[in-house]
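S.K.: Pasting the sequence and the predicted coordinates here, then a few questions.
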Amino acid sequence: MSNGDADVANIDAAEAASTKAAQNTVTAKSVGKSLFNWAAGLAILFVLWWFGGYLIEINPDTTNFKGFGPIPTFKAFPELFAIGKIQAAVSTSGYRLGAGLLIAIVVGVPIGILLGRSKVFRELSNSPFQLIRMISPLSWEPIAVIVFATWNGAIVFLIAVAAIWPVVFATAAGLAKVDPAWFKVARNLGAKPWHMVTQIILPAIMFDILTGVRLALGVGWIVLVPAEFLGVTSGLGYSIADARETLSYDHLTAMVLTIGVMGYILDSSCAMLIKRFSWHHQ
Amino acid sequence: MAERTGVQITIKTLTHRYTAKSPVTFENVDVMAEPGEALVIIGRSGCGKSTLLHILAGLLGKTSGTVRLDGKDVTEPSSQWIMMFQAPHLFPWMSVEQNVGIGLRFARWPDDKVKKRVAEVIGLVHLEEFARSNTQDLSGGQQQRVALARSLVMEPDLLLLDEPFSALDAFTRATLQKDVRALSKQLGFNLVMVTHDIDEAVIMADRALVMAGSPGQIVHDFKVDLEDPRERQDPKVQSMRATLMQIFHDAAGVPVDSEEEENSNAASNAELVGN
């Protein structure tokens, strides 16, 4: 490298260091503000919930439903934990959701890659896929119950059916954005078809796949609870139905809150994974 | 890095058309080059220069004729003949060293050997301090150096260059032109480069092939007999440039492009002097 290049590199490095220091200060302020807004949003939600509970409690017509308020709900949690109800429901529903999502990913990603790479497959599958996609996942339930020997299998199937489409279409959309020159360069450097998939395609579209998984997770989570209302005697959906039958409104709200918190944690985990695997510059 | 001896390039009566219905891109192209020789192909847009390069890289099929490297038919890409493109096309999810080592990983080299070879080649292109950087943080010139290292790491016998410096600023372009030629002579591999830039041809070539016509043909084979290192301001280089420009002008018969190129080169030179 010439001296000119070295000078340019030194100036670049100094400018980069100064810019980075300024960026760090801005980032720290921005993170603080985001955290404050996050906490404030939750606080507003809690106040609204508390106020609703208060209105229910003071009205003689609705006072029997005061268990929906935040204080009875939070009081119900230790009891539900002590008898292991929350742990059992979360682990059972978690297993069903995980299995359904896994099937959606294992089947959906290759289909998405095929959709993105093969024009013939794209044209062949477009109508059937759009048609099947429009069928509400829960409308498969009677068929699933007949086909699968257990309710567990039927619920996993329903989640997989619901979750597969976001994965398929996000994967295909990701592939459409891949620079075709990467394939040419990789071929030029001796890549075999297997390398193309593992070293080029998957890392290039991991961001899109995970975005699809995040959407699939939301859809799967939404399908899970109503699917568990029928037939099964375990899981978060069943626990809500059970609490309603026994008029334990505090338990019911606690389970609903658990669903919300679990969904929020899973979604946040997905968002972190997306950030981790995103190679796009911020 | 081990020194290479380069390859003997033999292209005979090569003809190409994209489809049976499309016009002939070029026809009856004959090129011979000795091991280690640097060829630069110049010509107007559409005369088939890039297509010829893609066929030589095994990335495109020929219609008729033969393309042989050391007597072996070129029918598919190989790590022994590597092509660099106009844009670096780096893999943005990989660091500099991961980009440079990708070809070796495709060839299933053990990790320790990949690491050693990658470090050597990154040193050759002067990017040691950026080895672990994200490629998106690099300048255009640095990215093109990474692409060069990614090609050199395979120890190719032939490096094919499809206008790889055309998107760079004049200062970076001039530095890379000299560096790539120096590396080719130091390591002994052949260069075949396509360019519109007469200056670039004079700085980099042992021989300049002028393509013209439609379908394209090689209409002139010009020996660039200059000593290294070649400086733009050197009167011999300037004289050679004027001669080549005249040949190009006569062959292509299109003064407008040439004048435009002269203007652009004058601007480049002014920029370089300014730097």
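M.R.: Nice, thanks for sending it over.

S.K.: Which residue ranges of the stretch 151-275 of chain B form strands?
M.R.: For the stretch 151-275 of chain B, strands defined by DSSP state E, counting those that start in this stretch occupy the ranges B:158-162, B:190-195, B:207-212, B:217-223.

S.K.: Between strand B:207-212 and the longest one, find me the angle.
M.R.: Read that as strand B:217-223. Using axes from the mean of the first three to the mean of the last three C-alpha atoms, to 10 degrees, the inter-axis angle of strand B:217-223 relative to strand B:207-212 is 160 degrees.

S.K.: who does strand B:217-223 pair up with?
M.R.: Partners of strand B:217-223 in the sheet, by DSSP bridges, are strand B:207-212 (antiparallel).

S.K.: Now do the strand it pairs with: distance to the chain's middle.
M.R.: How far strand B:207-212 lies from its chain's middle: 14 Å, per C-alpha atoms, centre = their mean, to the nearest Å.

S.K.: Can you pull the poorly scored residue ranges out of the stretch 1-150 of chain A?
M.R.: Across the stretch 1-150 of chain A, residues meeting the criterion (pLDDT under 70) sit at A:1-20, A:22-23.

S.K.: Spell out which parts of the stretch 51-200 of chain A neighbour chain B.
M.R.: A:179, A:181-182, A:184-192, A:195, A:199-200 (C-beta under 8 Å from any C-beta of the partner chain). In this view, the C-beta of every residue, glycine as well, is placed from N, C-alpha and C.

S.K.: filter those to the buried ones?
M.R.: A:W182, A:K184, A:V185, A:A186, A:R187, A:N188, A:L189, A:G190, A:A191, A:H195, A:Q199, A:I200 (16 or more other C-beta atoms under 10 Å in any protein chain shown).

S.K.: Including pLDDT and distance to A:T258, could those residues go into a markdown table?
M.R.: Converted to a markdown table, these look like this (pLDDT from 0 to 100; distance: C-beta to C-beta, whole Å):
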| residue | pLDDT | distance to A:T258 |
| --- | --- | --- |
| A:W182 | 93 | 44 |
| A:K184 | 89 | 51 |
| A:V185 | 91 | 49 |
| A:A186 | 93 | 47 |
| A:R187 | 90 | 51 |
| A:N188 | 88 | 54 |
| A:L189 | 90 | 51 |
| A:G190 | 89 | 52 |
| A:A191 | 91 | 47 |
| A:H195 | 92 | 44 |
| A:Q199 | 92 | 41 |
| A:I200 | 93 | 42 |
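
S.K.: returning to what we had before: in TSV: the strands of the stretch 151-275 of chain B, plus mean pLDDT and mean neighbour count.
M.R.: Shown next, in TSV, are those (pLDDT from 0 to 100; neighbours: other C-beta atoms under 10 Å in any protein chain shown):
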stretch	mean pLDDT	mean neighbour count
strand B:158-162	92	24
strand B:190-195	93	26
strand B:207-212	91	22
strand B:217-223	89	17
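
S.K.: Enumerate every residue touching the residue of the stretch 101-250 of chain A found nearest chain B.
M.R.: Using C-beta to the nearest C-beta, the closest approach of the stretch 101-250 of chain A to chain B is made by A:L189 at 3.7 Å. Listed by C-beta atoms under 8 Å, 6 or more residues apart in numbering or on different chains, the contact set of A:L189 reads B:P77, B:S79, B:I82, B:I102, B:G103, B:F106, B:R150, B:M154.

S.K.: Of these, which is the most crowded?
M.R.: B:R150 (29 neighbours; other C-beta atoms under 10 Å in any protein chain shown).

S.K.: Identify the residue nearest that residue in space, chain neighbours excluded?
M.R.: B:V100 (5.1 Å; C-beta to C-beta, 6 or more residues apart in numbering or on different chains).

S.K.: which element is that neighbour on?
M.R.: helix B:96-106 (DSSP states H and E).

S.K.: three-state assignment of B:I82?
M.R.: Put simply, B:I82 is strand when judged by DSSP: H, G, I helix; E, B strand; the rest coil.

S.K.: I figured it was touching B:D157, is that so?
M.R.: No. Taking contacts as C-beta atoms under 8 Å, B:I82 lies outside contact range of B:D157: 9.3 Å.

S.K.: and chain A, what are its domains?
M.R.: A:1-68, A:70-276 (automatic domain parsing).

S.K.: how close does the residue nearest to A:S234 when sequence neighbours are not counted sit to chain B?
M.R.: Of all residues not flanking A:S234 in the chain, A:T92 sits nearest, at 4.4 Å (C-beta to C-beta, 6+ apart). Distance of A:T92 to chain B, given as C-beta to the nearest C-beta, to the nearest Å: 37 Å.

S.K.: For A:T92, what are phi and psi?
M.R.: Recorded main-chain torsions at A:T92 are phi -70, psi -50, according to degrees, to the nearest 10.

S.K.: Who are the contact partners of it?
M.R.: A:T92 sits in contact with A:S234, A:G235, A:L236, where contact means C-beta under 8 Å, 6+ apart.

S.K.: how many neighbours does the first one have?
M.R.: The local packing count at A:S234 equals 18, with neighbours defined by other C-beta under 10 Å.

S.K.: got it, and the second one?
M.R.: Around A:G235 sit 27 other residues, with neighbours defined as other C-beta under 10 Å.

S.K.: That one and A:F229 touch, don't they?
M.R.: No. At 9.4 Å, A:G235 and A:F229 do not qualify as touching, with contact defined as C-beta under 8 Å.

S.K.: And the nearest residue to B:G103 once chain neighbours are set aside, how far from A:V213?
M.R.: Of all residues not flanking B:G103 in the chain, A:L189 sits nearest, at 3.7 Å (C-beta to C-beta, 6+ apart). Per C-beta to C-beta, to the nearest Å, A:L189 is found 30 Å from A:V213.

S.K.: got it, and B:Y18?
M.R.: Distance from B:Y18 to A:V213, by C-beta to C-beta: 41 Å.

S.K.: ok, those two, which is more surrounded?
M.R.: A:V213 (24 against 13).

S.K.: element containing that one, please.
M.R.: helix A:202-227.

S.K.: now for that helix, which elements pack on it?
M.R.: On a contact count with 3 or more C-beta pairs under 8 Å, 6 or more residues apart in numbering or on different chains; DSSP states H and E, helix A:202-227 meets helix A:85-117, helix A:151-176, helix A:236-245, helix A:249-277.

S.K.: could you give the mean pLDDT of it?
M.R.: Taken as a whole, helix A:202-227 carries a mean pLDDT of 92.

S.K.: That helix: which residues count as buried?
M.R.: A:202, A:204-225, A:227.

S.K.: Now the phi/psi pair for the residue nearest to B:G103, please.
M.R.: According to degrees, to the nearest 10, A:L189 has phi -90, psi 10.

S.K.: Noted, bye for now.
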